[in-house]
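Peer 1: what follows is a predicted structure for the sequence shown.
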Amino acid sequence: MNPAPEPELVAAQHQGVLVTLKRDGRPQLSNVLYAYDPADRTVRVSVTDDRAKTRNLRRDPRASLHVTRADFWAYQVVEGTVTFSEVVADPHDAAADELAELYRSIAGEHDDWEQFRGVQVAERRLVVRLSVDHVYPG
């Protein structure tokens, strides 16, 4: 089997629509900010532990990310399965470090990293990692 092509449009963007599956099989869509890492072909998204998308992915780890070009006439979808970081429990644990790196890759440096890390704990954030198995259109 040939590997999926490189998702160039996904790699060039940071905004997309994450698609998960509800218990009844219907899609649940969420606008998200994300970062794509070409080295491990993984999309990373910061989520809170109590949201529908997180519950859906814990039940069924299949997901898609839909990204459009600014003019809306081109799009790309990546599909795969997800893994999760731990929920942040301490401002300086590994999950907080991963969230800080994710933020940095999307938005650059934060004005107050200590405040940022505290908010991640308060919001019970974690990272969803979508491993890219399929890309279309290629």
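Peer 2: Yep, it's here.

Peer 1: who's the residue nearest the centre of the chain bridged to?
Peer 2: Centroid-nearest residue in the chain: residue 45, 2.3 Å away (criterion: C-alpha atoms, centre = their mean). Note on residue 45: beta-bridge partners by DSSP bridges are residue 34, residue 128.

Peer 1: list the contacts for it?
Peer 2: Shown in contact with residue 45 (C-beta atoms under 8 Å, 6 or more residues apart in numbering): 18, 32, 33, 34, 102, 127, 128, 130. C-betas here are computed from N, CA, C, even on glycine.

Peer 1: same check, this time on residue 8
Peer 2: Shown in contact with residue 8 (C-beta under 8 Å, 6+ apart): residue 76.

Peer 1: what pLDDT does it get?
Peer 2: For residue 8, the pLDDT comes out at 94.

Peer 1: can you pull the phi and psi angles for it?
Peer 2: Note on residue 8: backbone dihedrals following degrees, to the nearest 10 are phi -60, psi -40.
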